[in-house]
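Enquirer: give me a 3D structure for the following:
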Amino acid sequence: MENENLYLKMESYCPMSSALKAYLNVALNRIDIPANHHLDASLFQQYPFLFIENGICKTTLKSSKEPDQSILTLHLPNTFLTPSMESNKEDFSVQTTSLSQTSLHGIPEKHIHHLYRLFPEFITFNLLLHQAQQSALFHLAFSIRYLSVEKRFHQLISTHPDIFQMASSIDIASSLGIHSHTLSALKHNYFSR
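Expert: Purely as a prediction, here's the structure:
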């Protein structure tokens, strides 16, 4: 089935009607992004809903007042990539970049109103998606603050055993909130067992 991974992911939030799937089959656009490409704000305006079919992206929040301070979130295959809006643009900047050749499926902005009007389950899906993303951010903040480095590393490896084939050690370390040398030591200990 066309767009099967997208529909499976959407249905993990709530049931989707066959009519909605048929509409999306017509509305969806495939966007191929080269590796190390900055995803412009205009892409998120054109496509408010993006789904990563293949590839990996990262979103980095950087401080202009503290240039050495940043936090990074990885976006892995079969996840939704929604835009981040920074309200304090004088101090912070948000940038999303593809780490590898990435295939996205996007719902063009011109279809969003019709989707909300015609398909009540799309409203439910959108609400549940944003709740899940907010929960993921709370869990990320909790794990960085309260879990040991070893626990964070083991959680990541158990969830994504191929993470080192998808992203650089520096990006993985940043997403865990640790130094890359610490990650190297953890990786060495883990894979030498």
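Enquirer: so the most centrally placed residue in the chain bridges to which residues?
Expert: The chain has His75 as the residue nearest its centroid, 2.9 Å off, counting by Cα atoms, centre = their mean. Counting by DSSP bridges, His75 forms beta bridges with Cys57.
Enquirer: wait, it sits on Glu53?
Expert: No. Between His75 and Glu53 no contact is recorded; they are 11.9 Å apart, counting by Cβ atoms under 8 Å. No exception for glycine: its C-beta is placed from N, CA and C like everyone else's.
Enquirer: contact partners for Ser180?
Expert: 169-170, 173 (Cβ atoms under 8 Å, 6 or more residues apart in numbering).
Enquirer: dump those into JSON lines; add distance to Glu4 and neighbour count as well.
Expert: Output for the contacts of Ser180, formatted as JSON lines (distance: Cβ to Cβ, whole Å; neighbours: other Cβ atoms under 10 Å):
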{"residue": "Ser169", "distance to Glu4": "32", "neighbour count": "14"}
{"residue": "Ile170", "distance to Glu4": "33", "neighbour count": "12"}
{"residue": "Ala173", "distance to Glu4": "34", "neighbour count": "22"}
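Enquirer: pick the one among those residues closest to Glu121.
Expert: Nearest to Glu121 among the contacts of Ser180 is Ala173, at 39.1 Å by Cβ to Cβ.
Enquirer: got the contact list for the residue nearest to Ala132 when sequence neighbours are not counted?
Expert: The shortest distance from Ala132 to any non-neighbouring residue, by Cβ to Cβ, 6 or more residues apart in numbering, is to Tyr13 (7.0 Å). Counting by Cβ under 8 Å, 6+ apart, Tyr13 makes contact with 124-125, 128-129, 132.
Enquirer: narrow these to those in helices?
Expert: 124-125, 128-129, 132 (DSSP state H).
Enquirer: the helices in the chain, which residues?
Expert: 4-11, 18-27, 41-46, 109-118, 120-146, 149-159, 163-166, 169-176, 180-191.
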